[in-house]
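In: Just to be clear, the model below is a prediction. Sequence and coordinates:
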Amino acid sequence: MKEVQRLIRELGQSEGFNTVVLTDASGLPMATSEDFEQAQALAAIVAEVLRVGQRAGERLGMSDLTEIMLLSQDAQRGVLYRQFQAGGRHLVLAMVIQPNHAYWPTTSRVIREIQQLMQKVT
């Protein structure tokens, strides 16, 4: 789990990213970046955000939604939740981002690395 913690801290220090937390589907934090207080706040609403996303996906006929983004009014800041499976667990990578940066390739790489690390553990 030390390697997962390292990945999360490095992601939080990357350009365009601020606070990052890896949680389970209920919002239990597994690894956090430097800003522990804001990471706890992100984690605290994971379950509710996932419920809203699931309901929206069902209503729209898109039940396979895995990413939810909330943007500030000026679109300079956002909160991103990416769901994925790793080691037989439903996990969420939640983070505060600057949406004008290309976040998808970076978060996809980190998710793949977490999946590989957790595969070794199971």
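Out: Arrived safely.
In: alpha carbons only for contacts and neighbour counts from here, please
Out: Noted.
In: Enumerate the positions of whichever strand or helix holds residue 56 that are buried.
Out: Using DSSP states H and E, residue 56 falls within helix 46-60. Going by neighbour count (16 or more other CA atoms under 10 Å), the buried part of helix 46-60 is 46, 47, 49, 50, 53, 54.
In: So what's the residue count around the nearest residue to the first one once chain neighbours are set aside?
Out: What that stands for is residue 46. Leaving aside its sequence neighbours, residue 46 sits nearest to residue 27 (CA to CA, 6 or more residues apart in numbering; 5.0 Å). Look at residue 27: counted by other CA atoms under 10 Å, it has 23 neighbours.
In: Contacts only, for residue 27.
Out: 43, 44, 45, 46, 47 (CA atoms under 8 Å, 6 or more residues apart in numbering).
In: So what sits opposite the residue nearest the centre of the chain in the bridge?
Out: Note on the chain: the residue nearest the mean C-alpha position is residue 93, at 1.7 Å, using CA atoms, centre = their mean. Going by DSSP bridges, residue 93 is paired in beta bridges with residue 22, residue 82.
In: from what I can see it touches residue 21, true?
Out: Yes - Residue 93 lies in contact with residue 21 (CA atoms under 8 Å); the separation is 6.0 Å.
In: how much space between residue 115 and residue 86?
Out: To residue 86, residue 115 is 5 Å away according to CA to CA, to the nearest Å.
In: quick one: contacts of the helix ranked longest in the chain?
Out: Ranked by residue count, the top helix of the chain under DSSP state H comes out as helix 104-121. When contacts are defined by CA under 8 Å, 6+ apart, helix 104-121 is touched by residues 3, 4, 7, 11, 84, 85, 86, 87.
In: Many thanks, we can stop here.
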